[in-house]
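Visitor: build me a structure from this.
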Amino acid sequence: MGLSNFLSFEQLKSRGVVNNRTQLSRLIGKCNFPPGFLLSANARRWTEEEVAEWIETRRAGSAGVQEP
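Guide: From the prediction side, this is the model:
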């Protein structure tokens, strides 16, 4: 796995996964978003695969939900 497969917070934000760090904390705590791992003391990273899997579970869970 190359380094390009790791996503930073800014990359999550630019891809529209999260809007801010507060939302990220809520997603991790309440919505089973992957917590990622600490690359160093101030650098958390997520793999593209784990983020993609989480998005797919969200899509699958909303498949039966109808819009009002």
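Visitor: what does the pLDDT read for the most centrally placed residue in the chain?
Guide: Most central in the chain under C-alpha atoms, centre = their mean is V51, positioned 4.6 Å from the mean C-alpha point. What the model reports for V51 is a pLDDT of 97.
Visitor: same thing with A60?
Guide: Reported pLDDT for A60: 87.
Visitor: ok, now the one 4 residues further on?
Guide: Residue-level confidence at G64 comes out at 60, pLDDT.
Visitor: what do you get for S8?
Guide: For S8, the predicted pLDDT is 97.
Visitor: OK, contacts around it?
Guide: For S8, the contacting residues are 43-45, by C-beta atoms under 8 Å, 6 or more residues apart in numbering. All C-beta atoms are positioned from the backbone trio N, CA, C, and that covers glycine.
Visitor: I'd assumed G16 was in contact with the residue nearest to the centre of the chain.
Guide: No - taking contacts as C-beta atoms under 8 Å, V51 lies outside contact range of G16: 11.4 Å.
Visitor: quick one on the thing from earlier: show the buried residues in the contacts of S8.
Guide: Buried subset of these (neighbour count, 16 or more other C-beta atoms under 10 Å): 44-45.
Visitor: okay, stretch 15-35 in CSV with CA atoms only?
Guide: These are the backbone C-alpha positions of stretch 15-35, laid out as CSV (Å, rounded to 0.1, in the frame of the first residue of the first chain):
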residue,chain,number,x,y,z
ARG,A,15,-13.9,15.1,-0.9
GLY,A,16,-17.0,16.2,1.0
VAL,A,17,-16.9,13.4,3.6
VAL,A,18,-16.7,15.9,6.5
ASN,A,19,-17.1,19.6,6.9
ASN,A,20,-15.2,20.2,10.1
ARG,A,21,-13.4,18.5,13.0
THR,A,22,-16.5,18.6,15.2
GLN,A,23,-18.5,16.7,12.6
LEU,A,24,-15.7,14.2,12.2
SER,A,25,-15.7,13.5,16.0
ARG,A,26,-19.4,13.0,15.9
LEU,A,27,-19.2,10.6,13.0
ILE,A,28,-16.5,8.6,14.8
GLY,A,29,-18.4,8.5,18.0
LYS,A,30,-22.0,8.0,16.8
CYS,A,31,-21.9,6.8,13.2
ASN,A,32,-19.1,4.2,13.2
PHE,A,33,-16.8,6.3,11.0
PRO,A,34,-13.4,4.7,11.1
PRO,A,35,-11.1,6.4,13.7
